[in-house]
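Q: Need coordinates for the following:
(one chain, ligands or ions: 1)
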Amino acid sequence: MACDCSASSAYSINTKDEKTKSWKKLVNVAVSGAAGMISNHLLFKLASGEVFGQDQPIALKLLGSERSIQALEGVAMELEDSLYPLLREVSIGIDPYVVFEDAEWALLIGAKPRGPGMERSALLDINGQIFAEQGKALNAVASRNVKVIVVGNPCNTNALICLKNAPNIPAKNFHALTRLDENRAKCQLALKAGVFYDKVSNMTIWGNHSTTQVPDFLNAKINGRPVKEVIKDTKWLEEEFTKTVQKRGGVLIQKWGRSSAASTAVSIVDAIRSLVNPTPEGDWFSTGVYTTGNPYGISEDIVFSMPCRSKGDGDYELVKDVAMDDFLWERIKKSEAELLAEKRCVAHLTGEGNAFCDLPGDTMLPGEM
Ligand SMILES: NC(=O)c1ccc[n+]([C@@H]2O[C@H](COP(=O)([O-])OP(=O)(O)OC[C@H]3O[C@@H](n4cnc5c(N)ncnc54)[C@H](O)[C@@H]3O)[C@@H](O)[C@H]2O)c1
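A: Purely as a prediction, here's the structure:
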């Protein structure tokens, strides 16, 4: 199978832009890092209809790196061979200006892993450059209403870099994925309370997708009741629960020798579904979004995970009526400080002058120990 890697090569199943009574207009979904581990789970979920619905035909536009292009051809072949009725087009390429054309969703997963001995500031720079370029490409060729979910780490700051490089796309459309952290927090609360996962609601992850993230047990509910009324073990909530969620990714790597891919893919599906379906009455979900105009007093102009609701139109609003206490606020401020430091460290990529790196030494990505 030949591939012209300077352009995208189409593995066309049916490129016709169909619109009938029962089929919706084709949705263009771009995925970067499409030959990676997370995408290996995610792409098949997207193609199956479990994300956008069983009446939603989909075109997948897969972005790889030069090194992964052959693997990407293999991915496209597997997708073709799966005969998904909703999958109308698969295209692959390594040029974001080609692959992101008309994208209505951009799931930005591809990034470099932090190598042994690599400083966090170096990772911020290497991956930041990827997201600066991809932001520019989205700005140039994607749908003006594209929804962007940044997964590649450090995802909050990568999302900030991306949106700063895409001034013609609303900053509100950019998300950093913290849904895996929300799911992990829900799982821990359900296990402790001895209830099924779906009884846990109103779970907020505040802040950075790092070990400073703040799983909020003050506002979360179990069976509609405040968590603190159901789980009386305050010491567990304040110490063990929080640490377990913050370090879950690292523990998983230690046990399995690789980072969470399947559960991350599931959480990307959850994140998209939360935006394309109305949020159940009284509930909310967590996602890392642009802070400018937030009602909580969190610093403006960073990407911070906060509680959101959606009408199901792809957009969201911040939830206003959340409680705050000193314990919660103190930890939120720590995550905020980390993100402000990350922002200073990538100033050269956001158009804000010279970078200055003074990152707090004790914080890491959830996958790092
Ligand atoms: N936010 C979260 O909750 C969360 C959870 C898990 C992993 N992650 C992050 O997701 C990222 C991907 O994880 P993975 O396990 O799929 O990694 P992976 O190494 O298996 O796959 C990454 C892929 O991206 C490709 N890539 C690298 N640079 C690229 C570029 N500029 N453009 C397009 N593709 C590029 C690589 O060739 C590789 O195929 C990592 O940064 C990881 O830390 C985030």
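Q: need the residues of this protein near the ligand, please.
A: 32-33, 35-38, 63-65, 67-68, 109-113, 130, 151-153, 155, 177, 180, 209, 259-261, 264, 367 (Cβ under 6 Å from any ligand atom). Backbone N, C-alpha and C define where each C-beta goes, glycine included.
Q: hey, where'd the helices end up in the stretch 251-369 of the chain?
A: 262-276, 326-345, 347-350 (DSSP state H, counting those that start in this stretch).
Q: Which residue does this protein have closest to the ligand?
A: G36 (2.0 Å; Cβ to the nearest ligand atom).
Q: Contacts only, for that residue.
A: The contact partners of G36, by Cβ atoms under 8 Å, 6 or more residues apart in numbering, come to S68, I109, G110, A261.
Q: Which of those residues sits closest to L275?
A: Distance ranking of the contacts of G36 against L275, using Cβ to Cβ, places I109 first at 17.0 Å.
Q: so that closest one sits right up against C155, yeah?
A: No: I109 is beyond contact range of C155, at 9.6 Å (criterion: Cβ atoms under 8 Å).
Q: any weak-confidence spans in the stretch 251-369 of the chain?
A: Within the stretch 251-369 of the chain, the ranges that satisfy pLDDT under 70 run 361-369.
Q: will you turn the helices of the stretch 251-369 of the chain into JSON lines that also has distance to K192 and mean neighbour count?
A: Shown next, in JSON lines, are the helices of the stretch 251-369 of the chain (distance: least, Cβ to Cβ, whole Å; neighbours: other Cβ atoms under 10 Å):
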{"stretch": "helix 262-276", "distance to K192": "19", "mean neighbour count": "20"}
{"stretch": "helix 326-345", "distance to K192": "18", "mean neighbour count": "19"}
{"stretch": "helix 347-350", "distance to K192": "40", "mean neighbour count": "18"}
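Q: which parts of stretch 232-245 are buried?
A: L237, F241, T242, T244, V245 (16 or more other Cβ atoms under 10 Å).
Q: What residues sit buried inside stretch 281-289?
A: W284, F285, S286, T287, G288, V289.
Q: Apart from its neighbours in sequence, what residue is nearest the spatially most central residue of the chain?
A: What sits nearest the mean C-alpha location of the chain, by Cα atoms, centre = their mean, is L177, with 2.2 Å. Nearest non-adjacent residue to L177, counting by Cβ to Cβ, 6 or more residues apart in numbering: V151, 4.7 Å away.
Q: ditto for P278
A: In space, P278 is closest to G312, 4.0 Å off (Cβ to Cβ, 6+ apart).
Q: Also K247?
A: T211 (6.6 Å).
Q: now the strands for the stretch 1-150 of the chain?
A: Shown for the stretch 1-150 of the chain, the strands assigned by DSSP state E, counting those that start in this stretch span residues 9-12, 27-32, 58-63, 87-93, 105-108, 147-150.
Q: which of those is buried the deepest?
A: strand 105-108 (a mean of 29; mean count of other Cβ atoms under 10 Å).
Q: ok, and what's touching that strand?
A: 27-33, 42, 100, 131, 134, 138, 142, 146-152, 158, 162, 268, 272.
Q: Using PDB, list the CA coordinates for that strand.
A: In PDB, the C-alpha atoms belonging to strand 105-108 read as follows (Å, rounded to 0.1, in the frame of the first residue of the first chain):
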ATOM      1  CA  TRP A 105     -13.200  17.400  16.300                       C
ATOM      2  CA  ALA A 106      -9.500  17.200  16.900                       C
ATOM      3  CA  LEU A 107      -8.300  14.600  19.400                       C
ATOM      4  CA  LEU A 108      -4.700  15.500  20.000                       C
END
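Q: Sheet-wise, list the partners of that strand with their directions.
A: In the sheet, strand 105-108 lines up against strand 27-32 (parallel), strand 147-150 (parallel) (DSSP bridges).
Q: Could I get the ones you listed in CSV, plus columns for mean pLDDT?
A: CSV is the format used below for the strands paired with strand 105-108 (pLDDT from 0 to 100):
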stretch, mean pLDDT
strand 27-32, 98
strand 147-150, 98
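Q: Export those as TSV, with columns for distance to Q188.
A: Listed next are these as TSV, based on distance: least, Cβ to Cβ, whole Å:
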stretch	distance to Q188
strand 27-32	29
strand 147-150	24
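Q: which stretches of the stretch 1-150 of the chain form helices?
A: Using DSSP H, counting those that start in this stretch, the helices of the stretch 1-150 of the chain run over 37-48, 69-81, 96-99, 120-141.
Q: Just the buried residues of the helix or strand hosting E229, please?
A: Using DSSP states H and E, E229 maps to helix 227-230. By neighbour count with 16+ other Cβ under 10 Å, helix 227-230 contains the buried residues V227, V230.
Q: got the contact list for it?
A: Here helix 227-230 has contacts from L189, A193, F217, L218, A220, K221, I222, N223, T234, L237, using Cβ under 8 Å, 6+ apart.
Q: if we go to 6 Å?
A: With contacts defined as Cβ atoms under 6 Å, 6 or more residues apart in numbering, helix 227-230 is touched by A193, F217, A220, I222.
Q: Select from those the one having the most neighbours.
A: F217 (26 neighbours; other Cβ atoms under 10 Å).
Q: Hmm, L237 and that one touching each other?
A: Yes: using Cβ atoms under 6 Å, F217 is in contact with L237, at 4.9 Å.
Q: leaving aside the residues next to it on the chain, what's closest to V346?
A: G128 (4.7 Å).
Q: quick one: contacts for that neighbour?
A: So G128 contacts I161, V346, L349 (Cβ under 6 Å, 6+ apart).
Q: Relative to K61, how far out is it?
A: Using Cβ to Cβ, to the nearest Å, G128 is found at 23 Å from K61.
Q: Next: V150.
A: 17 Å.
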